[in-house]
Each structure stands twice: as structure tokens, then as C-alpha cells.
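Visitor: take a look and give me a structure for this.
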Amino acid sequence: MSEPETLTVDVNGFPTRVWRRGSGPKIGFLAGFGGLPRWVPFLDELARTRTVIVPSVPGFPGGDRGHTVLDTHLDWLLAVHALLEKSDLLGADLVGSSVGGSLAAEMAALWPQSVRKLALIAPFGLFQDNDPPTDPWAQRGDAVPGLMCADPEVWKVLKTPPEGANSIEWPIEQTRAAEAAARIFWPLGNTRIEKRLHLIVAPTLLLWGEQDQVMPRSYAEIFAKGIAGPTQIKVIPGAGHLAELDKPADVAQAILSFTG
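Guide: The predicted structure follows:
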């Protein structure tokens, strides 16, 4: 496939990248930990039958420095909702992974009409003392690839600078993405989203990598129990925390089958 169409929208005065590819009913994707510095095979799989729209969360790759003006959790949620609106995603199906999964769930909770069907891949937002998640910000840099993906090489390829990339800007952008996520989810990834799950009425698919080393599998049950709308849980064999990177075809097929 050709490169995706790249659009730019303004969010709180900062230029924000929006990728678009494919045809058919719209489906949005909010990326997981580290964001998306490049288009990935998972998005191609979705784009076979859907119009895939990928807005960059403020501070993530493509999101410039938009995170620097977001001081509270409410600031973040309002910014992401504005981003969905400007990306022409209100009322569409919405997929979110990891940190993006928590934001997608919040959109469905606070603005129920903004999401038709919801797919969450190991979303952040919960914290249980007896089964805590792994804190990715507290890890050595060389440990992160194995935490994010069952195959660490998949993460390394995602983060390898493309040929011709500015050697200074690329690592700054990757570090900025981790900083932006920390601003949303510090400390311990706990946004107390459990209190708002009952507001989600959209049919919801919960996807978990079988080898997820970040978010405990038990959290899928907490999400499913808390969400008011109908829910399904699917475990993806051979996948880690960012299951869409390890098993792009399997995750995409599960989402496409669910959203119809």
C-alpha cells in the first residue's frame, strides 16, 4: 500500500498529525505506550475494509508539544475529545491500545454518543494493590522492548530511526512520548477509571496479549464487569502488552469481526 494521507489539525494551539488510509466505515485508533513514530502493519490490516483514522495524542510522535499545556486529567480528556472531533471520528468505532486504550474508554464513558463500538487492547487506568501493573517508566531502557512486545525486536524496529531521519529530533520525539504518557498516568497508571466504567454503554471488546507483562490479565475482568454495555474478552496467543504490534493480523481480525 502507499503511504497514508497525512493531515494536520490544531489542538490547543499545537499542530497535531492525523493519518488516514483505506475506505469503508471509519474506525479510529489511539496508539499505546510510546505512540506511533511510523505506520504499522496492524493499521494496514484494518485498512483492507475500513477507513482507518489515526490521530496522534498530544506529545506522542506527531503530537508536537501539545502535552505541555495539559495539567489535569480533565485537560487531557477534553484535548483528546477535541482531537477526535477534528479528525472526523465522533460517532465512529474507536480502538485504543495501552495508554490509548484508557483514553478511548474515557471518551466512551464521558461522551457516549461519540463511540459506536469500542475495542480496548490492555488499557491502562486501573491499579489493584494485590495485583499491580508493571510501571514502564521505572524500567531500564533496555528492558522496555521485552515489556511492550512478546518479541522485543518488533518494538526495536518500531523505534529505529528511518533512513534520512534527523538524528537529533528522533530520540527527542521518542522521549517526549514517554513523558507525555507519564503526565497522564503518573503515578502507577492509576486514573481511577473504574469509577467511570459504568458510563460506557458502547459494545466493548477487550483484547489482551497472552504474554502481557505490563497489565495483569485480571484487569480484563474488572473492565468487563464495570462496563454497562455488552462486553467480550479475547486473549491473543503469542502477543505481549502491545498485542497489535506482535500479532497485527490476529488483533485486526478480532476487531473487524467485532465491529462488523
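Visitor: which ones are touching A181?
Guide: 33-34, 59-60, 99, 137 (C-beta atoms under 8 Å, 6 or more residues apart in numbering). For glycine as for every other residue, the C-beta is placed from the backbone atoms N, C-alpha and C.
Visitor: biggest separation within the residues you listed, which pair?
Guide: F60 and W137 (14.9 Å; C-beta to C-beta).
Visitor: the more surrounded of those two?
Guide: F60 (30 against 15; other C-beta atoms under 10 Å).
Visitor: gap between that one and S102?
Guide: 14 Å (C-beta to C-beta, to the nearest Å).
Visitor: what's the answer for V18, then?
Guide: V18 is 20 Å from S102, by C-beta to C-beta.
Visitor: follow-up on the earlier one: quick check, nearest of the contacts of A181 to Q174?
Guide: When the contacts of A181 are compared against Q174 (criterion: C-beta to C-beta), the nearest one is G34, at 6.9 Å.
Visitor: where does the closest one sit: helix, strand or coil?
Guide: Three-state assignment for G34 (DSSP: H, G, I helix; E, B strand; the rest coil): coil.
Visitor: contacting residues for it?
Guide: 60, 148, 155, 158-159, 174, 177-178, 181.
Visitor: quick check: phi and psi at the closest residue to T231 other than its chain neighbours.
Guide: Leaving aside its chain neighbours, T231 sits nearest to A224 (4.3 Å; criterion: C-beta to C-beta, 6 or more residues apart in numbering). A224 adopts backbone torsions of phi -60, psi -40, taken as degrees, to the nearest 10.
Visitor: tell me which stretches of this protein form strands.
Guide: In the chain, the segments counted as strands under DSSP state E are 5-11, 14-21, 26-30, 51-55, 92-97, 115-121, 204-209, 231-236.
Visitor: avg pLDDT for the third one?
Guide: Right, strand 26-30. Taken as a whole, strand 26-30 carries a mean pLDDT of 98.
Visitor: any low-confidence regions in the chain?
Guide: Under the criterion pLDDT under 70, the flagged ranges of the chain are 1-2, 165-167.
Visitor: now with 80, please.
Guide: For the chain, the stretches with pLDDT under 80 are 1-2, 163-168, 186-189.
Visitor: run a quick neighbour tally on F14.
Guide: For F14, using other C-beta under 10 Å, the count is 17.
Visitor: how about the contacts made by it?
Guide: 58, 63-66, 69.
Visitor: mind putting those residues into TSV with neighbour count and distance to F185?
Guide: Conversion of these to TSV gives the following (neighbours: other C-beta atoms under 10 Å; distance: C-beta to C-beta, whole Å):
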residue	neighbour count	distance to F185
P58	27	14
G63	25	16
D64	20	20
R65	14	18
G66	22	16
V69	13	18
